[in-house]
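Q: Okay, predicted coordinates and the sequence, questions at the end:
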2 protein chains.
Amino acid sequence: MKAIVVEPGTGEPALVDVPRPEPTPGEALVRTLRVGVDGTDHEVIAGAHGDVPPGDDRLVLGHEAVGVVEDANDTDLVEGQYVVPTVRRPPNGTSNEFFDRAEPDMAPAGEYVERGIAGAHGFMAEYVTSPAEYLVPVPDALAPLGFLVEPISVTEKAVEHAVAARSAFDWRLESALVLGNGSLGLLTLAMFADVYDVDRTYCLGRRDRPDPTIDLIDGLGATYVDSRETPVSEFADVHEPVDLVYEATGYPKHAFETIDALAPNGVGVLLGVPEPWEFEIDGGRLHRELVLHNKALVGSVNSHRGHFESAVDTLAQLPEEFLDDLVTGVYDLENFEAAFETGDDVVKTAVAFDKI
Amino acid sequence: MKAIVVEPGTGEPALVDVPRPEPTPGEALVRTLRVGVDGTDHEVIAGAHGDVPPGDDRLVLGHEAVGVVEDANDTDLVEGQYVVPTVRRPPNGTSNEFFDRAEPDMAPAGEYVERGIAGAHGFMAEYVTSPAEYLVPVPDALAPLGFLVEPISVTEKAVEHAVAARSAFDWRLESALVLGNGSLGLLTLAMFADVYDVDRTYCLGRRDRPDPTIDLIDGLGATYVDSRETPVSEFADVHEPVDLVYEATGYPKHAFETIDALAPNGVGVLLGVPEPWEFEIDGGRLHRELVLHNKALVGSVNSHRGHFESAVDTLAQLPEEFLDDLVTGVYDLENFEAAFETGDDVVKTAVAFDKI
């Protein structure tokens, strides 16, 4: 069967033949339909993140997948059922406390591998196997966009943790700023505007109009904030201090400037994964501001099955027009390279392994 | 009646005569018994924090009080009942949403005054009046140490918010590091060790043995950490990464070094109120660490009536020997200056306005 792999050092994905996997007991065989491409994939391809499975010399890419159960293999799944696989798996085939309590997203480094990213092959192959417990059913109508369930689940978790951090008092999420106009930032903005009913939403980018991401922001009724005109540190003065800041840029100054963009009692949730970088901050002022105005910063990574299930519900509620414009390309295997191209006219892409 | 005031610019407390207050409808008259002294009082005296009530030229000090109801004045209180007053009041005599929902601790700057600190007279007077809703009953047996209820309540809130921030997953508080061996840090350490049943507790200071604060730390079964030997940034390597860090130093580098002292999925709760200070941090590494290990930082200030009520229960559970050693002096009015003296042999002091 065909698979899209990256060999470390090559810096580009390749279409290759690999053996079709056989499900072991407890696993189902899934025929892959579509697999999304995101920033993490580009980092893995560039060699900046992730690693190949032990003893292997290349990695099958892809962690945002939707497929159909081809062989339920005596699991509770039903053949013909659309499913989305979760990403983390126990390392070395042995479980640990985080997987035992269905919270692999809370496992520290060393206690998990990530399919398509670090230490385990991903889903960009015509067939994949997975333990049934890691396959989340998706209604038929959502299958064509099922590759968006994984990124949405990442925000489901982040917002769940942010809301939990404000649960000891009467907190209302009425305004939110998303830092980053990549596909995750835009999906999150749409969730705030249309699913969580946040009154006033903002999205930070550094693009000139006309631009498809700014059109998406406008279409959601959100306010586009050009970081070249309004840095995060000045956002509150120019617009308003907000109840929640969602950081999806990986630019570490944003993690700390978030404190200034927050309203009293607000929460910043951080998702970016930057490299080390030393810089100066007014740590005294930021510390004081965190304390005197009861602010919080919460880091969040990955997501668990419960977040995937919430994400399926959320996907069903997102505006169809927004989703149509967000997905700028779904490419067949013969044109798979197109799904990895970047540019100002590209928002979200996927590779189609089969017809739906 | 006698009151202890500070006149801005003098840098020292003074015992003066002031008119005895008359309770207005809804207020009770309280005969003051004991009022604790803490770091905030010293900052107010030094002019570094707080301000006098509008139109006044001096401030009655004291925000950690215990008293007895002298005149219930048709409120639900009972004469002879021991009570502890909360600290925040609505500004300008008008309420606002934070007071309406009994969460004055979440009010932003401008939406409150603080008795004995900012904009309202405190409790270091022979009699004080207060709306009955801000007077928290204390059992007779706890009255002599009732001035500890306010500082304990500050930690009740901080820990409530920290635990809330970890409530979206299975989190266990098994190890905790307290930054700061002042009276608030020591009370918090005792709460962790004896009330919250935290297995392993640490307390950071910068003192040489023999020292009464180190004796208190030892007595609680906690580990003393000398910051001159083990900076916070190296704490995790020397001891262990901990589930919770409680910062009560006001030293802003600690706010950020806390991230390194935390175990995966840990939470740092910040209570210090530093002045502006610019310094360099490895913001990229700290941001990455917050995200990849799901860490959180939560600022916390003040406390509400519910926290005072919890604090009364907590005070009853603290070891008697610890409390005896913590309170190094309770001074009558004629020796009130002694309660404001500082030094390595002073831990916690109070002024006694009347016999209990």
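A: It's in.
Q: Report the secondary structure element holding A:Val163.
A: helix A:149-165 (DSSP states H and E).
Q: And the strands in the stretch 251-356 of chain A?
A: Secondary structure of the stretch 251-356 of chain A (DSSP state E, counting those that start in this stretch): strands located at A:262-270, A:278-282, A:296-299, A:327-332, A:348-352.
Q: Could you confirm whether the shortest one reaches chain B?
A: Yes - using Cβ under 8 Å from any Cβ of the partner chain, strand A:296-299 reaches chain B at A:Ala296, A:Leu297, A:Val298, A:Gly299. The way it works is simple: take the backbone N, C-alpha and C, and place the C-beta from them, glycine included.
Q: one step back: now the strands of the stretch 251-356 of chain A in a markdown table, with mean pLDDT?
A: Converted to a markdown table, those look like this (pLDDT from 0 to 100):
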| stretch | mean pLDDT |
| --- | --- |
| strand A:262-270 | 98 |
| strand A:278-282 | 97 |
| strand A:296-299 | 98 |
| strand A:327-332 | 98 |
| strand A:348-352 | 98 |
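Q: Per the annotation, how does chain A divide into domains?
A: Chain A breaks down by automatic domain parsing into domains covering A:2-137+A:319-352, A:153-299.
Q: out of the strands of the stretch 251-356 of chain A, deepest packed?
A: Most buried of those by mean neighbour count (mean count of other Cβ atoms under 10 Å in any protein chain shown) is strand A:296-299; its value is a mean of 28.
Q: Kindly report the residues of the stretch 51-200 of chain A close to chain B.
A: Close to chain B, as judged by Cβ under 8 Å from any Cβ, the stretch 51-200 of chain A has residues A:101, A:103, A:105-106, A:108-109, A:157, A:160-161, A:163-170.
Q: again, but for the stretch 251-356 of chain A
A: That would be A:252-253, A:255-256, A:264-265, A:270-301, which are the residues of the stretch 251-356 of chain A within reach of chain B (Cβ under 8 Å from any Cβ).
Q: go again using 7 Å as the cut-off
A: By the rule Cβ under 7 Å from any Cβ of the partner chain, the part of the stretch 251-356 of chain A lying against chain B is A:252-253, A:255-256, A:264-265, A:270-285, A:287-288, A:290-301.
Q: quick one on the thing from earlier: please identify the most buried of the domains of chain A.
A: Mean neighbour counts were taken over the domains of chain A using mean count of other Cβ under 10 Å, and the top value, a mean of 21, falls to domain A:153-299.
Q: Endpoint to endpoint, that domain covers what distance?
A: Using Cα to Cα, to the nearest Å, one end of domain A:153-299 lies 15 Å from the other.
Q: Could you do stretch A:88-106 as well?
A: End-to-end distance for stretch A:88-106: 10 Å, by Cα to Cα.
Q: Over to stretch A:257-271?
A: End-to-end distance of stretch A:257-271: 14 Å, with Cα to Cα as the criterion.
Q: Residues contacting that stretch, please?
A: A:158, A:161-162, A:165-166, A:171, A:177, A:232-233, A:235-236, A:241-248, A:255, A:286, A:289-290, A:293-300, B:106, B:108, B:287, B:290-291 (Cβ atoms under 7 Å, 6 or more residues apart in numbering or on different chains).
Q: Sitting in helices, which of those residues do you find?
A: A:158, A:161-162, A:165, A:232-233, A:235-236, A:255, A:286, A:289-290, B:287, B:290-291 (DSSP state H).
Q: ok, the residue most central in space within chain A - contacts?
A: Centrality entry for chain A: nearest residue to the mean C-alpha point is A:Pro151, 2.9 Å, by Cα atoms, centre = their mean. Counting by Cβ under 7 Å, 6+ apart, A:Pro151 touches A:Asp38, A:Glu64, A:Ser183, A:Leu184, A:Leu187.
Q: Strands - which of these land there?
A: Among these, the members found in strands (DSSP state E) are A:Glu64.
Q: Which stretches in the stretch 1-150 of chain A count as helices?
A: Applying DSSP state H, counting those that start in this stretch to the stretch 1-150 of chain A gives helices spanning A:39-46, A:97-100, A:149-165.
Q: Could you find which two of the residues of strand A:296-299 next to chain B are furthest from each other?
A: Within the residues of strand A:296-299 next to chain B, A:Ala296 and A:Gly299 form the most distant pair, 10.9 Å apart (Cβ to Cβ).
Q: between these two, what contacts are shared?
A: With Cβ under 7 Å, 6+ apart, A:Ala296 and A:Gly299 have common neighbours B:Ala296.
Q: Output the contacts of A:Pro151 as TSV; include the columns distance to A:Leu145 and pLDDT.
A: Formatted as TSV, the contacts of A:Pro151 follow (distance: Cβ to Cβ, whole Å; pLDDT from 0 to 100):
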residue	distance to A:Leu145	pLDDT
A:Asp38	14	96
A:Glu64	11	98
A:Ser183	12	97
A:Leu184	15	98
A:Leu187	11	98
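Q: and of the contacts of A:Pro151, the nearest to chain B?
A: A:Leu184 (13.0 Å; Cβ to the nearest Cβ).
Q: any idea how far that closest one is from A:Val113?
A: Computed as Cβ to Cβ, to the nearest Å, the A:Leu184 to A:Val113 distance reads 22 Å.
Q: again with A:Ala165
A: For A:Ala165 relative to A:Val113 (Cβ to Cβ), the value is 28 Å.
Q: Then A:Gly299?
A: Distance of A:Gly299 to A:Val113, computed by Cβ to Cβ: 21 Å.
Q: from memory A:Val5 sits against A:Val60, does it?
A: Yes - contact criterion Cβ atoms under 7 Å: A:Val5 and A:Val60 qualify, at 5.3 Å.
Q: Make CSV from the domains of chain A and add distance to B:Leu15 to it.
A: Shown next, in CSV, are those (distance: least, Cβ to Cβ, whole Å):
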stretch, distance to B:Leu15
domain A:2-137+A:319-352, 56
domain A:153-299, 31
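Q: Of those domains, give the one that comes closest to B:Val44.
A: domain A:153-299 (15.5 Å).
Q: distance between the closest one and the chain's centre?
A: 16 Å (Cα atoms, centre = their mean, to the nearest Å).
Q: Do you know the pLDDT at the residue nearest to A:Ala164 when sequence neighbours are not counted?
A: Spatial nearest neighbour of A:Ala164, chain neighbours left out: B:Ala168 (4.0 Å); criterion: Cβ to Cβ, 6 or more residues apart in numbering or on different chains. Note for B:Ala168: predicted pLDDT of 98.
Q: can you tell me how far B:Ala168 sits from A:Ala162?
A: Going from B:Ala168 to A:Ala162 by Cβ to Cβ gives 9 Å.
Q: And for A:Glu103?
A: From A:Glu103 over to A:Ala162 the distance is 17 Å, taken as Cβ to Cβ.
Q: didn't A:Pro144 look like it was pressed against A:Lys355?
A: No - contact criterion Cβ under 7 Å: A:Pro144 and A:Lys355 do not qualify, at 10.2 Å.
Q: More neighbours: which of the two?
A: Under the criterion of other Cβ atoms under 10 Å in any protein chain shown, the comparison of A:Pro144 against A:Lys355 puts A:Pro144 first, with 18 against 6.
Q: so who does the more buried one touch?
A: A:Ile356.
Q: What of A:Arg207?
A: Neighbour list for A:Arg207: A:Asn181, A:Thr213, A:Ile214, A:Asp344 [criterion: Cβ under 7 Å, 6+ apart].
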